[in-house]
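Colleague: Need the 3D shape of this:
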Amino acid sequence: MNTHDTSTVPTRYWLLREDGRVQCTLCPRECVLQEGQAGFCFVRKNQGKQIVLTTYGRSSGFCIDPIEKKPLNHFLPGTPILSFGTAGCNLGCKFCQNWDISKSREMDTLAATASPEVIALGAKRLGCRSVAYTYNDPVIFHEYAIDVAAACRKQGIRSVAVTAGYVHAEPRAEFYRHMDAANVDLKSFSEDFYHRLTGSHLQPVLETLEYLKRETSVWLEVTTLLIPGENDSAQEIEAMTTWIREHLGADTPLHFSAFHPSWKIQDKPPTPAKTLLHAHAIARKNGLHYVYTGNITDPESSSTYCHQCGQCLIGRTGYQLSTWNLTADGRCNRCQASCAGVFESRQGNWGARRQPVRF
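Modeller: Residues are numbered from 1 along each chain as shown. Next up is the predicted model:
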């Protein structure tokens with residue numbers, strides 16, 4: 001698509017209103033903007049009676065991570081993934097863990113510059129199997145993410161979206177044609193939570209999840225950050241995990257992650273391990289085959305088990321793999337039951353390293 005070396009590029013998802021203002025149609029927020037005004041995300045702006053993206057080709061930095069950190073446990077386990085983000089976000093989560101990036105209005109945050117081709121070639125040279133669009137939501141740097149993904153595909157590098165799933169249907173379809181895997185943040189199963197703590201709505205996220213599962217070949221995993229007293233009740237976990245089984249299927253991996261005080265929520269304690277383990281138990285009881293805990297060290301609830309015979313298929317301590325009992329075609333080597341996911345013939349050996357890189 002684009003070969004721009006400038007940070008401001010035209011976009012497609014907007015309409016010109018009769019009053020002369022421009023309405024962005026990328027996400028359900030549908031910001032209506034005067035000339036020169038930026039949307040809620042800070043990075044999409046009315047310039048010359050059209051919406052432009054102001055962060056094309058500019059990043060907050062690049063880093064090689066273990067893919068388990070995204071978190072993805074069933075997509076190329078043990079392999080390195082090149083991760084990057086930009087600035088801004090289309091949600092207003094009061095508990096944002098990356099608030100210095102997602103809430104930044106400062107373009108100085110974007111110290112790194114790289115064209116799509118540079119990123120794709122860099123990922124290949126560094127031995128990364130995939131590239132992650134993460135740290136802030138790739139929905140808002142839609143055009144840049146798509147161009148990077150297209151360049152990566154030419155190099156045999158896969159693309160992973162780490163997203164809140166808050167996007168309209170047409171741009172969603174275009175975006176996911178270029179993605180190979182996604183981890184979608186299902187922040188709660190409550191509209192009240194979404195309204196109060198994220199400034200958004202639940203239903204569009206559920207629609208994105210169903211779209212990915214039913215209408216694409218994108219590998220899907222789901223993450224929920226459990227915040228004490230907000231979205232960690234047994235009743236809500238029951239409802240959410242039942243919905244996931246019925247609408248996304250029992251093979252959809254679900255990650256429960258521990259909250260730590262951040263951004264505008266400093267008065268809540270960190271999530272106790274017992275809360276995550278209780279949620280894990282509820283999800284398993286409700287028929288989900290692959291359930292994980294994150295931000296705590298618990299090898300048992302971090303590992304992957306055969307849904308048929310119960311053997312540990314992939315053992316994990318943090319982001320480090322230990323046990324590996326999958327055959328070359330992704331089956332349990334004891335009972336031959338298939339393990340859902342996208343696997344290479346052998347486990348990766350990247351480990352838990354985090355390696356910043358510059359282009």
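
Colleague: contacts, neighbours, all on C-alpha from now
Modeller: OK.

Colleague: Tell me which helix or strand comes right after the helix or strand bottoming out on mean pLDDT in the chain.
Modeller: Using mean pLDDT, DSSP states H and E, the weakest-scoring helix or strand in the chain turns out to be helix 99-102, at a mean of 60. Remark: after helix 99-102, the chain's next helix or strand is strand 112-113, criterion DSSP states H and E.

Colleague: Give me the contacts around that following strand.
Modeller: 57-62, 358-359 (CA atoms under 8 Å, 6 or more residues apart in numbering).

Colleague: Can you tell me which of the residues you listed has the most neighbours?
Modeller: Highest neighbour count within the contacts of strand 112-113: Gly57, with 26 neighbours (other CA atoms under 10 Å).

Colleague: Name the nearest residue to Ile237, ignoring sequence neighbours.
Modeller: Ala279 (6.4 Å; CA to CA, 6 or more residues apart in numbering).

Colleague: Can you list the low-confidence ranges for the stretch 1-150 of the chain?
Modeller: Scanning the stretch 1-150 of the chain for pLDDT under 70 picks out the ranges 1-6, 99-111.

Colleague: ok, which stretches of it are strands?
Modeller: 9-10, 14-16, 22-24, 32-33, 44-46, 51-53, 58-59, 62-66, 80-84, 112-113, 130-133 (DSSP state E, counting those that start in this stretch).

Colleague: CSV for those, including distance to Asp232?
Modeller: Shown next, in CSV, are these (distance: least, CA to CA, whole Å):
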stretch, distance to Asp232
strand 9-10, 42
strand 14-16, 37
strand 22-24, 34
strand 32-33, 35
strand 44-46, 34
strand 51-53, 37
strand 58-59, 34
strand 62-66, 28
strand 80-84, 29
strand 112-113, 38
strand 130-133, 28
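
Colleague: Go through the ones you listed and name the closest to Ala164.
Modeller: In terms of CA to CA, the element of these nearest to Ala164 is strand 130-133, at 11.9 Å.

Colleague: Neighbouring strands of the closest one in the sheet, and parallel or not?
Modeller: As defined by DSSP bridges, the strand partners of strand 130-133 come to strand 80-84 (parallel), strand 158-163 (parallel).
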